[in-house]
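# structural data only, the sequence is not supplied:
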């Protein structure tokens, strides 16, 4: 998976400032695990989630504090329906394993939505291409790097 991390590093090099990928002592398969290791709020973890629609795979970068509303996201992308991609589809679309998917460094660009809630954090942490890697960025940089569209994709809590 080192090749996947190198592709993420290359994608990061387009920014005006240097961003380093941090290698952690253990895998961070969840937003809570990542937040605990880097000392940030769980909402500042930018989860890169792959879904499939009628036009192929899509990337939704979601705040670790939120669940994705697939109906909202599908409407934003102009597709009929989205479903979570299986691990083989994720690896084929991104070149990265589930649990370590970065928002960048994929073999080909993916249609991308970015959870607008991430704009509320001055620093975000995103996957670095392997299960034990992350990098710090900002919302503005994340939009620039991915070419993604900010959108409200948060699933609202159930009414009681």
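Great, that's in hand. Since the model is a prediction, treat every value here as computed from it, not as a measurement. Numbering: from 1, shown residues only.

# where does the prediction get shaky in the chain?
For the chain, the stretches with pLDDT under 70 are 1, 158-160.

# if we use 50, what do you get?
The chain contains residues with pLDDT under 50 at 160.

# tell me where it has helices.
Here the chain has its helices, by DSSP state H, at 2-12, 31-38, 70-77, 87-94, 139-146.

# buried residues of stretch 94-111, list them for me.
94-106, 110-111 (16 or more other Cβ atoms under 10 Å). To be clear about C-beta, it is placed using only N, CA and C from the backbone, and glycine gets the same treatment.

# how close does the residue lying closest to residue 141 once chain neighbours are set aside get to residue 71?
Distance criterion Cβ to Cβ, 6 or more residues apart in numbering; nearest residue to residue 141, sequence neighbours excluded, is residue 15 at 6.0 Å. In this view, residue 15 and residue 71 are 33 Å apart by Cβ to Cβ, to the nearest Å.

# now do the contacts for the residue nearest to residue 144 when sequence neighbours are not counted.
Of all residues not flanking residue 144 in the chain, residue 15 sits nearest, at 7.3 Å (Cβ to Cβ, 6+ apart). With contact set as Cβ atoms under 8 Å, 6 or more residues apart in numbering, residue 15 has these partners: 141, 144-145.

# again, but for residue 113
Residue 113 neighbours (Cβ under 8 Å, 6+ apart): 58-61, 73, 76-77, 148-151, 153.

# among these, which are in strands?
58-61, 149-151 (DSSP state E).

# which of the residues you listed lies closest to residue 44?
residue 61 (12.3 Å; Cβ to Cβ).
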